[in-house]
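I'll drop the sequence and a predicted model, then ask my questions.
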Amino acid sequence: MIILIIITVISLLLSFIFDRNKTMSGIKKGILLFLKVLPTLLSVIIIISLVLFLTPDDLLMNYLGYKAGISAYIFAAFIGSISLMPGFIAYPLAGILVKNGVSYPVIAVFITTLMMVGVLTIPLERKYFGLKVTLVRNALNFIGALIVGGWIGVFWSLL
Amino acid sequence: MKKMIDKYLFSIITIVLFLVFVCYSYLSDFKSGIYITKHNFVPLFLEMLAFLPLMFLLIGLFDVWVPKEKVMKYIGKDAGIKGLVLIFLLATLQAGPLYAAFPVAHLLWKKGAGIRNIFIYLGFFSSLKIPMLTFEIGFLGLKFSILRTLLSIPVFVLIAIIMEKFLITKGYEINEG
């Protein structure tokens, strides 16, 4: 976050020193683009808030714990795909899940799908890439996350 | 104006309904409603407000300063390994959720970046961001973080290559956004 602020401020300053007019039209362009996606973003966030509420934590444990076996991977992938939370919530949550007995490979699947697959943000993504590309990208990353999780499972016990 | 309303109809209805829901929850002390607002909506909303305006400012500046020919040269189709390094730097030094990267990826695409590099960018952005890695190491440990990072890179590159093949055979053209 701090890095982003620093980079933005430095870029703005440099840009301003070199060319005032260009900078102003750049800022205008940025704000316009932001306002264009704002309504979609807001509605996505609202839907996410409701979905998060409807999936309580202890329900997660039953399906993600050691007892669930292979299906824990699949379940983690689905949960990761349909949920969307900021990193500063996701990582502490992952930490809690590990402490409660969820294995690291399952966590890896959860984290990777959480970051790469966004079912809830499909309306936003298709605005940029079109529906077909969006669906293919999400499907490939869903499979990719399972592969990453599987490999971590293989390597975890070796290291 | 009518076109605008049509375009955002779903979003506007969602937002209005949610506003009514929040007001109702607070006025009638509806616990679940207050919980959803306080613990789910507000943190997500704050994250969005923290990252996105800055990212869009950078996008705007990038758009006016970086001409299409330059992008094509450095991260275009035939840019090779140097382009990959640039993509890596561009992706890992940023922060924020994946949906914040879509507009950036789209802009790079419009400026002539290679398809493969665009999807490598999305992959790297999603899981190799340095600010996020510090969080990951803190909560899940260095071993997990290193393993996941190293195993993710080849998978993301492979996905990008598949996307490129898929899009080229389809003769894909970008959306105006």
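On my side now, so go ahead.

scan the chain for its longest helix.
You didn't say which chain, so I picked chain A. Residue-count comparison of every helix in chain A, with assignments taken from DSSP state H, identifies helix A:20-54 as the longest.

could you do chain B instead?
In chain B, with assignment by DSSP H, the single longest helix is helix B:142-169.

what comes up buried for that helix?
Neighbour-count burial for helix B:142-169, counted by 16 or more other Cβ atoms under 10 Å in any protein chain shown, picks out B:144-145, B:147-148, B:151-153, B:155-157, B:159-160, B:162-164, B:166-167. Just so you know, the C-beta spots here come from the backbone N, C-alpha and C atoms, and that holds for glycine as well.

same question, stretch B:42-60
Taking 16+ other Cβ under 10 Å as the basis for neighbour counts, the residues of stretch B:42-60 that come out buried are B:43-45, B:47-48, B:51-52, B:54-60.

just the C-alphas of that stretch, formatted as PDB.
Only the C-alpha atoms of stretch B:42-60 are listed here, as PDB (Å, rounded to 0.1, in the frame of the first residue of the first chain):
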ATOM      1  CA  VAL B  42     -17.000  -1.700   4.900                       C
ATOM      2  CA  PRO B  43     -13.500  -3.500   4.800                       C
ATOM      3  CA  LEU B  44     -14.000  -4.400   1.100                       C
ATOM      4  CA  PHE B  45     -15.200  -0.900   0.300                       C
ATOM      5  CA  LEU B  46     -12.200   0.600   2.100                       C
ATOM      6  CA  GLU B  47      -9.800  -1.700   0.300                       C
ATOM      7  CA  MET B  48     -11.300  -0.600  -3.000                       C
ATOM      8  CA  LEU B  49     -11.100   3.100  -2.100                       C
ATOM      9  CA  ALA B  50      -7.500   2.700  -0.900                       C
ATOM     10  CA  PHE B  51      -6.100   1.000  -4.100                       C
ATOM     11  CA  LEU B  52      -8.200   1.800  -7.000                       C
ATOM     12  CA  PRO B  53      -8.100   5.600  -7.300                       C
ATOM     13  CA  LEU B  54      -4.300   5.400  -7.200                       C
ATOM     14  CA  MET B  55      -4.100   2.600  -9.700                       C
ATOM     15  CA  PHE B  56      -6.400   4.500 -12.100                       C
ATOM     16  CA  LEU B  57      -4.300   7.600 -11.700                       C
ATOM     17  CA  LEU B  58      -1.200   5.500 -12.700                       C
ATOM     18  CA  ILE B  59      -3.200   4.000 -15.600                       C
ATOM     19  CA  GLY B  60      -4.100   7.500 -16.800                       C
END
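
who are the contact partners of B:Phe88?
For B:Phe88, the residues meeting the contact criterion (Cβ atoms under 8 Å, 6 or more residues apart in numbering or on different chains) are B:Phe124, B:Leu128.

brain fart, B:Val155
With contact taken as Cβ under 8 Å, 6+ apart, B:Val155 is in contact with A:Gly144, A:Ile147, A:Val148, B:Gly123.
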